[in-house]
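**Student:** quick one: sequence and predicted model below, then my questions.
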Amino acid sequence: MEDDKMRAVLRAWEAPEPSPEMDVRVRAAWRASHPPGWKRIWTARVSVPVPALAALLLLAALLLVKFGAPTAETPSGHAGYVTQLNATGFQPVPNGEARVITVKEAQ
């Protein structure tokens with residue numbers, strides 16, 4: 001019985017029109033929660049599961065070990081870096097440009 005009365009009241013009721021101030025508040029709240037695209041890029045977060053991150057780091061370490069920094073051949077034939085330089089007769093380059101060469105190019 002009460003449900004019938006309530007239904008009749010709800011059918012007769014009309015919602016009031018929203019005020020212009022409410023439109024302004026809703027737009028401001030939406031803009032605050034949805035920043036522009038360029039701003040979202042700088043504040044974006046990417047979730048990566050710890051096991052996946054650990055696997056990526058392990059893979060990167062293995063690749064670094066396998067394909068690590070290139071080494072030069074020393075005059076003695078061993079791989080390594082040249083740390084000594086014979087500067088006898090050194091003349092500075094007139095234009096100030098420098099060039100890095102391998103040990104094989106220097107011989």
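**Tutor:** Done, it's in.

**Student:** what about the chain, any weak spots by pLDDT?
**Tutor:** Counting by pLDDT under 70, the ranges of the chain that qualify are 1-2, 69-84, 106-107.

**Student:** show me where it has its helices.
**Tutor:** Under the criterion DSSP state H, the chain carries helices at the ranges 2-12, 20-33, 37-43, 50-66, 103-106.

**Student:** make TSV from the ones you listed and add mean neighbour count and distance to Pro94 to it.
**Tutor:** C-beta here means a position set from N, CA and C on the backbone, and glycine is covered the same way. Listed next are those as TSV, based on neighbours: other CB atoms under 10 Å; distance: least, CB to CB, whole Å:
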stretch	mean neighbour count	distance to Pro94
helix 2-12	8	94
helix 20-33	10	61
helix 37-43	8	47
helix 50-66	10	40
helix 103-106	10	20
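
**Student:** now render those as JSON lines, adding distance to Thr88.
**Tutor:** JSON lines is the format used below for the helices of the chain (distance: least, CB to CB, whole Å):
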{"stretch": "helix 2-12", "distance to Thr88": "103"}
{"stretch": "helix 20-33", "distance to Thr88": "71"}
{"stretch": "helix 37-43", "distance to Thr88": "55"}
{"stretch": "helix 50-66", "distance to Thr88": "38"}
{"stretch": "helix 103-106", "distance to Thr88": "13"}
